[in-house]
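1. following is a predicted model, sequence given first.
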Amino acid sequence: MSRRGWSPLRGIDGIWHVRGSLPLADSPFAHDPFAALAPVFEQRGTTLERAPGQLVFHKDNPDAQDKLAAFEHGTLSIEPSDDGPVLRYDLTSHPLLWCFLAPIPFAALAFAVQAMRIQGYSFAGIFAALYLAGRWIEQRQVRRLLRARLLPAEEPVPDEPVPA
């Protein structure tokens, strides 16, 4: 359920929204996680709005190299919890929405035109698979990117040479 209240779209907006949270209690950046994330948003066409405990970004025609290129806008917020601060994110991706909708015309064509049944269902299946793979990949990539910035793995301490 949305923290801002109930919405009739809440059940279906998960199609084009990627949401999640990341605990910050063990992060060396718990006091200012947005500073650690700044390099992620220093991309051409990205505008930021910062408020205490919140960062909102908007992207206009992002470069393909932008790690968040699939998301037009999003909100990241820091919220308290019993275990320490938590970063919550809600990112919007119109490419995910279009991939979700792409099978519909092909399925309609397959249903309406007998001669196009195999082709229509084949293309509908391909686009459905693309959506499912993209949805899973984008969710995973966002979480991995945020974790890498906020919870960096400890660098291994090199073994000291043993004196001979």
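-> Yes, it's here.
2. grab the longest helix from this structure for me.
-> helix 117-150 (DSSP state H).
3. quick one: low-confidence ranges for this structure?
-> Across the chain, the ranges flagged by pLDDT under 70 are 1-10, 154-164.
4. where exactly do the strands run in it?
-> If you assign secondary structure with DSSP state E, the strands in the chain sit at 17-23, 46-51, 54-59, 73-79, 86-92.
5. which one of those strands lies nearest to Arg117?
-> strand 17-23 (33.5 Å; C-beta to C-beta). Just so you know, the C-beta spots here come from the backbone N, C-alpha and C atoms, and that holds for glycine as well.
6. partner strands of that closest one, with direction?
-> strand 86-92 (antiparallel) (DSSP bridges).
7. for the partner strand, the distance to its chain's centre please.
-> Chain-centre distance of strand 86-92: 8 Å, with C-alpha atoms, centre = their mean, to the nearest Å.
8. that strand to helix 117-150, inter-axis angle?
-> 150 degrees (axes from the mean of the first three to the mean of the last three C-alpha atoms, to 10 degrees).
9. what would strand 86-92 look like as PDB? C-alpha coordinates only.
-> What follows is strand 86-92 as a C-alpha-only set of coordinates in PDB (Å, rounded to 0.1, in the frame of the first residue of the first chain):
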ATOM      1  CA  VAL A  86      16.400   2.400   5.100                       C
ATOM      2  CA  LEU A  87      16.700   3.700   1.600                       C
ATOM      3  CA  ARG A  88      13.400   3.300  -0.300                       C
ATOM      4  CA  TYR A  89      13.300   3.700  -4.000                       C
ATOM      5  CA  ASP A  90      10.400   4.100  -6.500                       C
ATOM      6  CA  LEU A  91      11.600   4.300 -10.200                       C
ATOM      7  CA  THR A  92       9.400   4.700 -13.300                       C
END
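10. tell me the spacing between Ser77 and Pro52.
-> From Ser77 across to Pro52, the span is 10 Å (C-beta to C-beta, to the nearest Å).
11. which one of the two has more residues nearby?
-> Between Ser77 and Pro52, counted using other C-beta atoms under 10 Å, the more crowded position is Ser77 (18 against 6).
12. next, the angle from the longest helix of the chain to strand 73-79.
-> With the same axes, to 10 degrees as the basis, helix 117-150 and strand 73-79 are set at 40 degrees to each other.
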